[in-house]
Every structure is written in C-alpha cells, then in structure tokens.
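Novice: take a look and give me a structure for this.
(2 chains)
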Amino acid sequence: MSHPKSDDSSVLLVHAYLDGELDPANALSVAQQMGQEPALAAEAERVKELQKLIHDRLPREPAPPGLRARIESSVGGAQRTKPSWRALAASVAVAAVVASGSTWLVVDSQQQPTQIAELLVADHIRGLMAPDPVDVVSSDRHTVKPWFNGRIPNSPRVVDLAKDDFPLIGGRVDVLGRTPVSTLVYRRAKHLISLTAVPADSAFGFNGGPRSINGYNVVRWTENGVSYWAVSDLEAKELETFAQLFRTSRNEL
Amino acid sequence: MSITPLRPRTGPNIPDGPAVRLVTPNVPDSAGVLDDNARFRDVVLPYIDDAYRLARWLTGNGTDAEDVVQDASLRAFRAIRDYAGGNPRAWLLSIVRNTAYSWLHKNRPATIVSVDDLEAVELAHVKPDERRDDTPEGSLIAKVDAEQLRAAIAKLPAPFRETLVLRDIEGLDYREIAETTEVPIGTVMSRLARARRRLLEMLRQDD
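Specialist: Got it, this is the predicted structure:
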C-alpha cells in the first residue's frame, strides 16, 4: 500500500490508525496519506471528535449492586447436588453419627431448649447430607416467602443479605416435634446457615447466648414473638454477624 | 495489512434452545467442581460490569440486561470447561451477546435486523464524503448531551451498535471484537467505520 487512493480501504485504515491498530509502517503510511488528502484528515478529525464526545458523555457504569452476588448464588445453587456438595457433607457425617443418638427424639411440650438446639443442628446436618439442602431453591426472597404460604401457619420474615455476602439459597420446612417450622438457608463462602423461625409462645421459648453443639454453632434471638435459631459450622463470631445483619436489615418483602 | 472482502458471513448469531436457568451441570468428580468454581471466579466474575453494559446496549434497558447477564453467567459456568484459555473478556462477552440476541429473538423479534438488511448496509461503499467541506465538526456535535448520544447509539442497527459499543465505549481491540461478534476483522473494520458515520449523521441532524 505505497500509494493508496481515497477508496474504501483508506477510510478503514484511518479508523484503524486512530484506534491504534496499525503497525508502525502502516501507521506512517496512513499518516502521510492524511497529510496529502484533506478528506481523510477531515474523516480523522470527525472520528476523534466523536470518540471524545462518547468518552465525555458516557462514563462506563458498573453493574447494579447485587447482580454479582445473585450470579454467585445462582451458580452456587447450580452446584448444589454435585459431588463437591457431598464432599462437604461427608466432612460432617461423623458429627451427624455422634449427634444422632441424642437428637432423634420426639419433641414434646416439655422439650428443653438445649434439645431444640440439638434437633435444629440435626435438621441442619440432614439438610447438608440430603441431595438438596432446601425444598425451594431461590436467591430471590420474593419467591421464597410465598412458597411458605400454605405450608406453615405464618410465613417467615425473609431478608436479602446478598450485598453483605450472605446470599439466600432457599428454604425448607423442618418439623420440631409436631410443629412445622420454616427454615431459610443462607450461604457464606462454603458454609451454609440454617435459620429456623419458631413461634416464641410455643413450648420452645428460651433465651440464651451462643452455644456449640457437635461442632456446630447455634445463635438464637427473639423478635416480635418469634424466636430465630441460626445453625452453622461458620465461626461463632461470623454467625453472630449474620444474626445482627438479619435483625437490623430493612431489606425485606 | 490486508483487508478482507466486506461480505458479511452471518447476521446476529442466534442460538437455538430456551434460556437456561439453574441447570445442574453434569460433573464427574469433586476436584473438577472446585476447578470449575475457581475458573468461574477468574474468568467470569471480573467481567460482570462489562457484561452488564454490553447487555444493556443490546437489550436497551437495565432490567432485561440483568436477566441476560444472569442467564449468560450460568451458560458460562456450564461451558467453563470449554473455555480454552483465550481472552476471557471476549469469551464471556460473546456468550452475553448470544444470550442477548436469543432473548431478543424470543421477546422482541421485531428488533432483530434481518440478514438481507444487514447485507444491504454492509455492501454499501464507504468513501470519504466529498460533498461536505473538510472542516472538523467538533463545534457541531460538542453540544450533544448524554441523552441524545445514548438515543442515537440505540438507533444504530444491532451489528453496528455492538461494534461501536465494544470499541468506543468498552475499549476492546479489533481482534477481541472479531472474537466477540464472530466475524472477520475486515467486517469489524467496515462495521465500525459505518457505525461512526451513521452516528455522526444522526447527531448532526439532532442539532
């Protein structure tokens, strides 16, 4: 291309020149050509003006907050029945066997809180070992909450903590004695958190600090007549952070 | 450097099949799963912003773009083993692009440019415009505001719009654009030149 004319190629090369796509030899050749042909020089000026306008007027916006977390949790959801999941479950199998002797008890009205905690830990472990830790899979609280309607008397408070890195995975119904209760499942990195809401006016009411059962941490609190039990193999401190975020979140349905 | 003939190979690439949601991949071993997760984290997650912006330009609004990016991310996760280690951004963006066109095809078939239309615009010659005087036009378009500019870009036919967006907003180089839009570099060049000219014309008319 020693003496290019003002044809299609020249115009495209001017654009490629401005985009820094030409090697030095071709760039030099195009620059010389623009010096000789005002039409090409004008084309270059117009393109530069346009690029400046786009650069000044259209800053690159980030994705909306929460999109990344939703993607991570939906991909986390897609993995839920895969072997990695079972590998995780296998690590708790020993604890489950140890725990089972004392937890497969029928809950009656005299049920003690410690035993409730043990039952909920057992439910959590059973969730981990089942093909699926949840009955309804969704990172969307607007889907999870209605799912509980009709399954239990009061559908639970569901909040979105994805932006705090506790994405919602879904929910399931656990049974305490003869009482069906709602359990939400949240995720923190590779740890799952089962959060069970129990009517506080039932025989299960209890106030107490965090405890550890068979290597699982349990945090509980009472709020508006409902007592919440969070069970996880997450560190106690992180689990309390989760509890604190859940209690204070206004991000609910 | 040579320029390939400006004949388009295809129109927008529209894959068959329904959008995929929460499909469990078929994975043989747990080490592989961990690899998949790590690759997803390295290959997909760093480019979510880029993916969202492209989807937004292609679908025309943020809500649809979020759906498209979520869907595309799941497709990317399922296909992560096919990722051969090339440019990760171009790889993800090509999935986003296909997902967006498939979404548009299903939800807004009228917005898809037919291949005939595309050939007509592709084959039109690009020559320096001799009728116009050769003074720069910065003064004419400098007053264009963000809204006018956004609206004008939105009016470009999809193959022009995506090429312009990838180059002048996202800053991809020609090779990455060719990879993302699945056309030869020569086609990228001609689309880009036409896109810029059309855009300038629209902005001048706005004035």
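
Novice: any low-confidence regions in the stretch 51-200 of chain A?
Specialist: Within the stretch 51-200 of chain A, the segments meeting pLDDT under 70 span A:76-114, A:150, A:200.

Novice: now do the strands in it.
Specialist: A:136-137, A:168-176, A:179-188, A:191-199 (DSSP state E, counting those that start in this stretch).

Novice: could the ones you listed go into CSV alongside mean neighbour count?
Specialist: The C-beta positions use only the backbone N, C-alpha and C, and glycine is treated the same way. As requested, these are exported to CSV (neighbours: other C-beta atoms under 10 Å in any protein chain shown):
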stretch, mean neighbour count
strand A:136-137, 20
strand A:168-176, 21
strand A:179-188, 23
strand A:191-199, 23
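
Novice: tell me where chain A has helices.
Specialist: With DSSP state H, the ranges of helices along chain A come out as A:8-18, A:24-36, A:38-57, A:67-78, A:83-103, A:113-129, A:141-148, A:236-248.

Novice: just send those back as JSON lines, with mean neighbour count and distance to chain B too.
Specialist: Listed next are the helices of chain A as JSON lines, based on neighbours: other C-beta atoms under 10 Å in any protein chain shown; distance: least, C-beta to the nearest C-beta, whole Å:
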{"stretch": "helix A:8-18", "mean neighbour count": "22", "distance to chain B": "5"}
{"stretch": "helix A:24-36", "mean neighbour count": "14", "distance to chain B": "5"}
{"stretch": "helix A:38-57", "mean neighbour count": "18", "distance to chain B": "4"}
{"stretch": "helix A:67-78", "mean neighbour count": "22", "distance to chain B": "4"}
{"stretch": "helix A:83-103", "mean neighbour count": "15", "distance to chain B": "4"}
{"stretch": "helix A:113-129", "mean neighbour count": "22", "distance to chain B": "15"}
{"stretch": "helix A:141-148", "mean neighbour count": "18", "distance to chain B": "12"}
{"stretch": "helix A:236-248", "mean neighbour count": "16", "distance to chain B": "20"}
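
Novice: what count of nearby residues applies to residue B:143?
Specialist: 11 (other C-beta atoms under 10 Å in any protein chain shown).

Novice: identify the residues contacting the residue lying closest to residue B:164 once chain neighbours are set aside.
Specialist: Once flanking residues are discounted, residue B:164 sits nearest to residue B:195: 4.0 Å by C-beta to C-beta, 6 or more residues apart in numbering or on different chains. Each residue near residue B:195 by C-beta atoms under 8 Å, 6 or more residues apart in numbering or on different chains is listed here: B:156, B:160, B:161, B:163, B:164.

Novice: and the second one, what pLDDT?
Specialist: At residue B:160, the model reports a pLDDT of 94.

Novice: how about the contacts made by it?
Specialist: B:121, B:191, B:194, B:195, B:198.

Novice: ok, and the most crowded of these?
Specialist: residue B:191 (27 neighbours).

Novice: for chain B, what's the longest helix?
Specialist: Chain B, longest helix under DSSP H: helix B:185-206.

Novice: buried ones in that one, by neighbour count?
Specialist: B:185-200, B:202-203 (16 or more other C-beta atoms under 10 Å in any protein chain shown).

Novice: now residue B:59. Its backbone dihedrals?
Specialist: phi -90, psi -20 (degrees, to the nearest 10).

Novice: you'd agree it is up against residue B:100?
Specialist: Yes. Between residue B:59 and residue B:100 there is a contact at 5.7 Å, judged by C-beta atoms under 8 Å.
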